[in-house]
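Colleague: coords please:
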Amino acid sequence: MKNLIFFLLVLPVLAIAQIERPVGQRYTLTTAPVLAVSPNVLSFTSNAGTASAPQTFVISGVTGTVSATASGPDFEISLSSGSGYGSSVSGSAPLTVYVRVKSSTTEGTKFGMVTASFAGAENKYVGLTAEVTDAPVTKDTAIFSLSAAARVCSADNVTNIAGGPTGAVRTGSINGISFSSIATNRWENFSGASAFDGQGTTSGVFFTQCNGSENAVMRNNWIKTAGYNSASPQVIISGLKTGSQYTVRVSGTTAGGAVGARMSGVRVQGNGAISAEQTYNPGSTPEGPNSNAGVVFTNITPNSSGQITLWLYYAGGGGNMSAFNGIEIREQ
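Modeller: Numbers count the residues shown, from 1 in each chain. Presented below is the predicted three-dimensional model:
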């Protein structure tokens, strides 16, 4: 009797269940898409005021369009290494994302994050750290060599100012600093001329070698003058920092020992009165002041236009004119 009752109660339920379930239907289990980022940490070192070199990470694991967003004020992202940086990018996975420290970032340890996202997927994150230091200070240095041949030694901060004809303006520049002679200058060429470095008429170079050769700079040309005129300087140096002070060194020339072509005096003017003259008589006995180091002026501040002006003049005691064939400018 009990079996009969069970059969009568259960059989209709099984029949109904069989009717409601379509024959042959399959059930599919679905899972959410899973994003991946690699690597998930990036570390940078950079100088304040300059954007860092970029680093990359890749978003993958899905098919379709993915997005990346940088958070924090110190980092930016792009789809290109050299341009297009901002706070967000998007594109088809797998997607390579470039990350760098912004040029506006100040000194210190910085932290940030990039969030990678895809519709229906859990976000992934790339941690960012950066050590930002003060930008290195680059001090102005320029050496102008008055030589017959065009010689430039960028590694030694040397550029050549070729001479002649007499009365012509001659110009040149290196490291953003420019040399310009005045049109009334008397520019001479003589094969025996060399910068005077305390060794008489030898071919020694006053300031520096050029590509390892002493004979490569400050030879065969010089600027000369027979007198001093405050209204007519010989050389103007421009492109200097108006708030800095400079050391100015000027080389004389032995001109192969010719008495009439030695540097007997120089005056310099920056942002103020014309500096007291420095005399230099390599042919005199004893030699004039600074003869082994050239004529040296220190603590010269450029004028408001970033210029320093030089005059040659005849100081007497060693020749009938003044001449030089090299100028060095160094920021102190």
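Colleague: what residue ranges in the stretch 101-250 of the chain score low on pLDDT?
Modeller: By pLDDT under 70, the low-scoring segments of the stretch 101-250 of the chain are 147-152, 162-168, 183-229.
Colleague: if you set the cut-off to 50 instead, what comes out?
Modeller: Scanning the stretch 101-250 of the chain for pLDDT under 50 picks out 196-206.
Colleague: strands of that one, residue ranges please.
Modeller: Listed in chain order, the strands of the stretch 101-250 of the chain (DSSP state E, counting those that start in this stretch) span 108-117, 124-133, 141-145, 158-160, 171-174, 177-181, 186-194, 219-225, 235-238, 246-251.
Colleague: adding distance to Thr63, write the ones you listed out as a markdown table.
Modeller: All C-beta atoms are positioned from the backbone trio N, CA, C, and that covers glycine. Shown next, in a markdown table, are those (distance: least, Cβ to Cβ, whole Å):
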| stretch | distance to Thr63 |
| --- | --- |
| strand 108-117 | 15 |
| strand 124-133 | 16 |
| strand 141-145 | 57 |
| strand 158-160 | 59 |
| strand 171-174 | 56 |
| strand 177-181 | 58 |
| strand 186-194 | 74 |
| strand 219-225 | 71 |
| strand 235-238 | 61 |
| strand 246-251 | 63 |
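Colleague: which one of those strands lies closest to Thr309?
Modeller: Thr309 lies closest, by Cβ to Cβ, to one member of the strands of the stretch 101-250 of the chain: strand 235-238, at 5.3 Å.
Colleague: who touches Gly91 in this structure?
Modeller: Applying Cβ atoms under 8 Å, 6 or more residues apart in numbering to Gly91 gives the contacts Thr65, Val66, Leu79.
Colleague: show me the contacts for the second one.
Modeller: Residues in contact with Val66, defined by Cβ under 8 Å, 6+ apart, are Leu35, Ile59, Ser90, Gly91, Ser92, Ala93, Leu95, Ala116, Ser117, Phe118.
Colleague: could you redo the strands of the stretch 101-250 of the chain as JSON lines and give each row distance to Ser46 and mean neighbour count?
Modeller: Shown next, in JSON lines, are the strands of the stretch 101-250 of the chain (distance: least, Cβ to Cβ, whole Å; neighbours: other Cβ atoms under 10 Å):
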{"stretch": "strand 108-117", "distance to Ser46": "9", "mean neighbour count": "17"}
{"stretch": "strand 124-133", "distance to Ser46": "5", "mean neighbour count": "18"}
{"stretch": "strand 141-145", "distance to Ser46": "25", "mean neighbour count": "25"}
{"stretch": "strand 158-160", "distance to Ser46": "31", "mean neighbour count": "24"}
{"stretch": "strand 171-174", "distance to Ser46": "28", "mean neighbour count": "16"}
{"stretch": "strand 177-181", "distance to Ser46": "28", "mean neighbour count": "21"}
{"stretch": "strand 186-194", "distance to Ser46": "46", "mean neighbour count": "19"}
{"stretch": "strand 219-225", "distance to Ser46": "44", "mean neighbour count": "25"}
{"stretch": "strand 235-238", "distance to Ser46": "32", "mean neighbour count": "21"}
{"stretch": "strand 246-251", "distance to Ser46": "30", "mean neighbour count": "23"}
